[in-house]
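[1] show me the folded form of this:
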Amino acid sequence: MQTYTAEHVFALGYRASADALTGALASGFDPASDPERTFTAVPAGEFLTMPSSVGEDAGIKILTLAPDNPEKDRPFIQGTYLLCDAETLTPHSLVDGIALTALRTPGVAIAGARPALRRIAAHVTRRPNVVAFGAGVQGEGLVRALADECGSGGVGFESLGSVTYAVRNPDRVSGSALAVGTEGLASGVGAVQAGSDACRAAVEAADVIVCASAAREAVFEDSWVQPHVAVLAVGAHTPETREVPAETMGRARVIVEGEAVALRENGDVVRAIADGALSEADLVSMKSLLGERSAEIEASVKPASPTVVTTVGMSWQDLVVAAAVARAANE
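    Next comes the predicted model:
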């Protein structure tokens, strides 16, 4: 049994994870065939299991969610990924499950945002400014994924412009998150109080808005958002929560992993539809965006309208990225 640590996972990189996800969709895989994830209650909390099979790979992510663990100096969420051969279901590898989630989530958002980022690059002469609501693992991860994608030259930029973390406690933003500036991935990095005048000014100057918070209501106002902006939202993973205003959802092109999972679990989508700002017919799946209908989808983009890529995570994504980690580590 091979074991792949967090170091192996992050060595793959955000851009390669996005490439692997795009490749799976281009090969004909349909996310609608993905099994639903399952939560099973036990006395200490819950088990979350996420099985999938794509091409020659199969696997299952097993996470444990123990609410009392922080009081015991243990992580609230722990887990691993079991990789198997799809034909025989023979297990052959274990992959760090927490690191895998931390890499996969930004990878999915980047894959879905690439067409919008290319459009921004065609019209914005300066480096793109970013506002990130949330400076935790996913907030920082999405900023670094954007820097990786833009810095590679793949979408027409050399690096990011300003990066502003909008959080409840600006003084508590980690040195790692702020280091994006000193590492040369952005022209400058700072932190402001979410909802403040400084936050509004940063959003009004933003080309990309990252939403990776624990908020239950929208984290910015629609009137702050420029028409060309790309919003990458990963925090509204229950039907009751939202990060993006309904008005923004209504005037944007909304990209989702799959229609069924978005209508079942994605609070940004569910609540915008309930508010009458969005309809099921407005949703664009990543399979349509990146697959055979990509040219048709791009031709239908409304001028001067934002793009919202809103995701909750699906089992096939973990499998595809875990398999890419294993292959890269063995090369």
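
[2] could you use CA atoms for every contact and neighbour count after this?
    Will do.

[3] what number of residues lie near Asp73?
    Other residues lying near Asp73 total 8 when counted by other Cα atoms under 10 Å.

[4] kindly report the same for Gly181.
    18.

[5] tell me which helix or strand comes right after the helix or strand that contains it.
    Applying DSSP states H and E as the criterion places Gly181 in helix 175-182. Downstream of helix 175-182, the first helix or strand assigned by DSSP H and E is strand 186-193.

[6] with only the CA atoms kept, save the helix or strand just after that following strand in CSV.
    Following strand 186-193 in sequence order, the next helix or strand is helix 197-204 (DSSP H and E). Extracted C-alpha coordinates of helix 197-204, given in CSV (Å, rounded to 0.1, in the frame of the first residue of the first chain):
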residue,chain,number,x,y,z
ASP,A,197,-15.7,51.2,4.0
ALA,A,198,-12.3,49.8,3.2
CYS,A,199,-13.9,46.5,2.3
ARG,A,200,-16.3,48.2,0.0
ALA,A,201,-13.5,50.1,-1.7
ALA,A,202,-11.5,46.9,-2.2
VAL,A,203,-14.5,45.1,-3.7
GLU,A,204,-15.2,48.1,-6.0
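
[7] thinking again about what came up before, other SSEs contacting the helix holding Gly181?
    Judged by 3 or more Cα pairs under 8 Å, 6 or more residues apart in numbering; DSSP states H and E, the packing partners of helix 175-182 are strand 186-193.

[8] what angle sits between the strand it packs on and helix 175-182?
    140 degrees (axes from the mean of the first three to the mean of the last three Cα atoms, to 10 degrees).

[9] partner strands of strand 186-193, with direction?
    The strands beside strand 186-193 in its sheet (DSSP bridges) come out as strand 160-167 (parallel).

[10] hmm, who's touching the strand it pairs with?
    With contacts defined as Cα atoms under 8 Å, 6 or more residues apart in numbering, strand 160-167 is touched by 126-135, 143, 146-147, 150-151, 181, 185-195, 199, 202.

[11] worst-scoring helix or strand of the chain, pLDDT-wise?
    helix 294-299 (a mean of 65; mean pLDDT, DSSP states H and E).

[12] next SSE downstream of that helix?
    strand 307-310.

[13] in the helix ranked longest in the chain, what counts as buried?
    Using DSSP state H to define each element, the chain has its longest helix at helix 97-123. By 16 or more other Cα atoms under 10 Å, the buried positions in helix 97-123 come out as 97-117, 120-121.

[14] how far is it from where the chain is centred?
    6 Å (Cα atoms, centre = their mean, to the nearest Å).

[15] thanks a lot, see you next time.
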